[in-house]
Every structure is written in C-alpha cells, then in structure tokens.
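K.L.:
This is a predicted model, with the sequence first.
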Amino acid sequence: MQIALVVAGLLLAWLIVAYLFLPGLWKHYVRKHPSLVDIPGVTKTAEGTPGDPLNVALIGTEAQLKGIMQAAKWYPAAALGLKSDLKIAVDSVLSRPDDEAPVSNLFLFGRKEDLAFEQPVGDNPRHRHHVRFWKTDTLDDDGRPTWIGSAVYDKRVGLSHTTGQITHVTSADVDTERDYLFKCLEETGDLAEQFTQDDFHKVLAGRNGGGDPWHTDGKLYEGVIVQSGP
C-alpha cells in the first residue's frame, strides 16, 4: 500500500512538472530570447521554441493531398495529448501496432498543422515515418494551394529534453525522411511534376522542441499532384 502511494505521488509530480511547470518556463525563456524563434524554415512548438524543419511541399486540393497520401500508404495521425501519450507508452511496451499513432502539435503561420500523416514501421509505434502539412496562401494557375510540410522519422519513444513529456525522439537526418516520402509519392503515379528548391534553408542544423538534433542539405522537395478529382 505504501509503495503504491509513493508511485502515485511520483506520477502526479511528473504530470505537474512535465505538463504545467516546464512548458510555462519555456514560454518565459523564449520571450527573453527571441532569437530562438527567428530560424527560417523551422516550425515552432506550442511554447514558441524551434520545432522541426520544413523540407517538403505539395500542390493540390485538400482532397487530392489526402488521396495521394492514402495511395502512398500514409495514414492520418491523431492529435497528441495526455491520454494518447500514455497509449503510446503502453503500445510501445506491448509492441502493439498503431496506424493512427498521434503527433504533437507544431505551429507555422500562427497555427498548428492542418494535416498530419504517419506510416508505422513494423508492429511498434516507437518508430515510424510522419509528416505535418500547413496550407499556404500560394495558389497555382488552377487555384490549388501549396501545402508546406515537415517530414521527420521517429526512431523511438522517450522523454522530451525540454519538458519531460512523453514524445517521440526523432532522427537527425531529416533529408532521408524527405527522400523517403517522395519515393512513396512517386510510386503512386499521382505526381504530375516534382522539382527541388535549393538553398531553402540558410541554417543547415539545429535542435527541435524536444531537444533532438537535426541537419539538412537545405533543399525543399516540391511536388504537383495530378489534376483529377475535386
């Protein structure tokens, strides 16, 4: 009984520190150090710290984007929260697959991602492919928007270096994930065109909101989805 009370107390203390105290501390830190959020081509966390770098873009309607991702066998990802945090932890321990494993919210243009997709690797949510997309105001000649995104590989589940919350630890090589996503898209036959924007990133390395390092060759991969459907 006494051991159970100690465990419960420690769990409560972790929840308070990881989900209330540290996020507030980081918000205060960022207000005092605005240079942290002035990195071009990088998303932000809810606390305003640098998130994952942007490295992909697709042109098409929302329905077309969802259609090509489904054809590429990437699945819509759920939102992250305390309940889903604990589910990830349990699924990871029990090696249970989860096609809708959640992603944490990242922010661009003052809002969280509009769409997020993931592709599981094996039968364990500890590692998976995932990408977030934000709709931009840029339109093509047919009035279709450009969706800019961040594709990153999750290599395991751990605790955030900045908040202590349960999260995925990401691979530093974001270019490999960018390349893998476009390989999946190419195989669908639904890309009408693709091109590369060199030197999209002026800063070629950094750390995301969880404290995980990343590096890139600075290129943004862009694709045009075939003009069919809505």
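P.N.:
Now that the structure is in, tell me what you want to look at.
K.L.:
how deep is the closest residue in space to residue 213 that isn't next to it in sequence tucked in, by neighbour count?
P.N.:
Nearest residue to residue 213, sequence neighbours excluded (CB to CB, 6 or more residues apart in numbering): residue 172, at 4.7 Å. Heads up, the C-betas are built off the backbone N, CA and C, glycines and all. The number of residues packed around residue 172, counting by other CB atoms under 10 Å, is 17.
K.L.:
what's the spacing between residue 172 and residue 216?
P.N.:
Using CB to CB, to the nearest Å, one gets 10 Å for the distance from residue 172 to residue 216.
K.L.:
So, low pLDDT: which residues of the chain?
P.N.:
Across the chain, the ranges flagged by pLDDT under 70 are 1, 4-40, 79-102, 122-126, 155-170, 210, 229-230.
K.L.:
now the strands for it?
P.N.:
Defined through DSSP state E, the strands belonging to the chain, from first to last, are 42-44, 50-53, 56-59, 75-76, 107-108, 111-112, 115-120, 128-139, 145-159, 166-170, 191-197, 205-207, 213-215, 220-225.
K.L.:
Let me have those strands in a markdown table, extended by distance to residue 66.
P.N.:
Converted to a markdown table, the strands of the chain look like this (distance: least, CB to CB, whole Å):
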| stretch | distance to residue 66 |
| --- | --- |
| strand 42-44 | 21 |
| strand 50-53 | 21 |
| strand 56-59 | 11 |
| strand 75-76 | 8 |
| strand 107-108 | 19 |
| strand 111-112 | 17 |
| strand 115-120 | 7 |
| strand 128-139 | 10 |
| strand 145-159 | 11 |
| strand 166-170 | 23 |
| strand 191-197 | 15 |
| strand 205-207 | 30 |
| strand 213-215 | 27 |
| strand 220-225 | 10 |
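K.L.:
among those, which is nearest residue 181?
P.N.:
Across those, residue 181 has its closest neighbour in strand 145-159 (4.6 Å, CB to CB).
K.L.:
And the residue nearest to residue 213, its phi and psi?
P.N.:
Here is the backbone geometry of residue 172 (degrees, to the nearest 10): phi -70, psi -30.
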